[in-house]
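In: When you get a sec, could you give me coordinates for this:
(one chain, ligands or ions: 1)
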Amino acid sequence: MVTGTMNVDWTTWEPKERATLLFVIKDGQILLIRKKRGLGAGKINGPGGRLEPGETPEEAAVRETIEELRITPLSPEWRGRLHFQFLDGYSLTCSVFVSPDYRGIPMETPEALPIWTPLDAIPYDEMWADDAHWLPGVIAGGEFEGYFVFDGENMLSHDVRWLKNPPL
Ligand SMILES: Nc1nc2c([nH]c(=O)n2[C@H]2C[C@H](O)[C@@H](COP(=O)(O)OP(=O)(O)OP(=O)(O)O)O2)c(=O)[nH]1
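Out: Now for the predicted structure:
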């Protein structure tokens with residue numbers, strides 16, 4: 001429930017939609033995408049998308065990675081959950097997974113262009129504004145819950161709580 005410009009009661013909050021993100025991290029690189037359509041088109045992100053009826057977040061994360069990059073991520077690990085409230089009333093939760101390996105060869109699709117990126121060269125200025133607040137901690141091995149208020153693409157507030165291995 002939105003109770004003011006930036007005040008959200010997260011204890012009673014329910015998302016309108018559920019989505020996923022999955023990052024393959026292997027050999028000092030992270031597999032990112034340039035997203036070609038949908039929410040966040042033009043941005044750099046991980047593969048992901050909204051859950052289909054009956055799917056678990058992990059199933060959706062694997063399906064979206066196959067659809068967007070034609071690879072099958074192996075052994076996905078849950079690393080966190082993003083909670084987004086937009087001022088226009090839209091709300092979304094997003095489960096974040098990391099896979100240490102994959103099967104296949106990443107390919108460009110109508111939805112995404114694969115971009116292998118060194119872990120020390122992640123282009124946060126081309127990503128959603130919240131990502132710099134949690135992706136470094138995820139790469140460091142952390143697990144988190146993140147709470148964000150957005151006005152369109154403009155992040156108004158952020159609160160990241162580390163559950164495990166908080167970054168130094
Ligand atoms: N890294 C990051 N990802 C985000 C943020 N906000 C946000 O929606 N996403 C992700 C979650 C989803 O993976 C994706 C939005 O879903 P989508 O539009 O790709 O969903 P979809 O594939 O079901 O789309 P469609 O085919 O139905 O159009 O963007 C954010 O702030 N940071």
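
In: CA atoms only for the top helix by length along the chain - export them in PDB, please.
Out: With residue count as the measure and DSSP state H as the assignment, the chain has helix 57-69 as its longest helix. Below are the C-alpha coordinates for helix 57-69, written out as PDB (Å, rounded to 0.1, in the frame of the first residue of the first chain):
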ATOM      1  CA  PRO A  57      10.500 -18.200  -9.400                       C
ATOM      2  CA  GLU A  58      13.400 -20.700 -10.100                       C
ATOM      3  CA  GLU A  59      11.500 -22.300 -13.000                       C
ATOM      4  CA  ALA A  60      10.700 -18.900 -14.400                       C
ATOM      5  CA  ALA A  61      14.300 -17.700 -14.100                       C
ATOM      6  CA  VAL A  62      15.500 -20.800 -16.000                       C
ATOM      7  CA  ARG A  63      12.800 -20.400 -18.700                       C
ATOM      8  CA  GLU A  64      13.500 -16.700 -19.200                       C
ATOM      9  CA  THR A  65      17.200 -17.300 -19.600                       C
ATOM     10  CA  ILE A  66      16.600 -20.000 -22.200                       C
ATOM     11  CA  GLU A  67      14.100 -17.700 -24.000                       C
ATOM     12  CA  GLU A  68      16.400 -14.600 -23.900                       C
ATOM     13  CA  LEU A  69      19.800 -16.200 -24.400                       C
END
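
In: Just give me the residue right at the centre of the chain.
Out: Centrality entry for the chain: nearest residue to the mean C-alpha point is residue 21, 3.8 Å, by CA atoms, centre = their mean.

In: what secondary structure does residue 161 sit in?
Out: The local conformation at residue 161, judged by DSSP: H, G, I helix; E, B strand; the rest coil, is strand.

In: Setting aside sequence neighbours, what's the nearest residue to it?
Out: When the adjacent residues along the chain are set aside, residue 161 lies closest to residue 145, with 5.0 Å between them (CB to CB, 6 or more residues apart in numbering). The C-beta positions use only the backbone N, C-alpha and C, and glycine is treated the same way.

In: Any figure for the gap between the residue nearest to the centre of the chain and residue 73?
Out: 11 Å (CB to CB, to the nearest Å).
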